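Undergrad: Just to be clear, the model below is a prediction. Sequence and coordinates:
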Amino acid sequence: MPLFYEWATRSDSTSYWYEDGNIPTQEQFRKDWKIHYFDGSEPEKGRCYAIVAEGRPVGQVNYNEINRGNSSVELDIIIASDSDKNKGYGSEALSMLVEYLFRNMRIRKCWIEPTARTARAVKAYEKAGFRITHKFLSGGTECVHMELSASENGRPIVRNEAS
Ligand SMILES: CC(C)(COP(=O)(O)OP(=O)(O)OC[C@H]1O[C@@H](n2cnc3c(N)ncnc32)[C@H](O)[C@@H]1OP(=O)(O)O)[C@@H](O)C(=O)NCCC(=O)NCCS
């Protein structure tokens, strides 16, 4: 958690997460990022994973609370340092998480919403298989809604019939 807080609030990527410059205190941050994200105690409510590249943690990828009505879930990702970007880590980490969710968590659709100005993010998510479905305004900022469905992913869905 302290590392994730550093990445979100004091890294090269902070301005992407807090565009308005309104950086949360650690206490405020913990209200959004509750303990289940880190200890796996409530997998239906969301989980964070460290992205480790060449033996070093370089960022985090997570899913949020699962919508069991349509078996969908929103993802977030951050690669903290500019020197670790454009190396394929982000798209690979997303692909791995999507595959895990499709295979193990009975998810049918993953979605992610970068701001439209972050062309690198849109490109990275497209590399992971996400496609733009629509654009929208959030607080005056243009954002992009991107989705990846299990059937589009082209991988078999293996379900644990006992669960
Ligand atoms: C978005 C993010 C997760 C992507 O992870 P990453 O490891 O840097 O991405 P990848 O290396 O997998 O893919 C990036 C791709 O974008 C391309 N790219 C980089 N800058 C680009 C630009 N300005 N325009 C278009 N494409 C660009 C890269 O060349 C690469 O494509 P390629 O492999 O075909 O050459 C990471 O950069 C990050 O955390 N950025 C800061 C936070 C952020 O932007 N969040 C989204 C906005 S809310």
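TA: Received, thanks.
Undergrad: And for the closest residue to G40 other than its chain neighbours, the neighbour number?
TA: Spatial nearest neighbour of G40, chain neighbours left out: R47 (5.9 Å); criterion: CB to CB, 6 or more residues apart in numbering. The C-beta positions use only the backbone N, C-alpha and C, and glycine is treated the same way. The local packing of R47 (other CB atoms under 10 Å) involves 21 other residues.
Undergrad: hang on, R47 packs against Q60?
TA: No. Taking CB atoms under 8 Å as the definition, R47 is not a contact partner of Q60, at 10.4 Å.
Undergrad: show me the contacts for A50.
TA: Neighbouring residues of A50 by CB atoms under 8 Å, 6 or more residues apart in numbering: L3, P57, G59, Q60.
Undergrad: how about the last one, secondary structure?
TA: What that stands for is Q60. Secondary structure assignment for Q60 (DSSP: H, G, I helix; E, B strand; the rest coil): strand.
Undergrad: how far away is it from K87?
TA: 16 Å (CB to CB, to the nearest Å).
Undergrad: Mind checking which of these two has more residues around it?
TA: Legend: neighbour count by other CB under 10 Å for Q60 and K87, higher for Q60 (22 against 13).
Undergrad: who touches that one in this structure?
TA: Going by CB under 8 Å, 6+ apart, the list of residues near Q60 reads F4, W7, C48, Y49, A50, I51, I77, I78.
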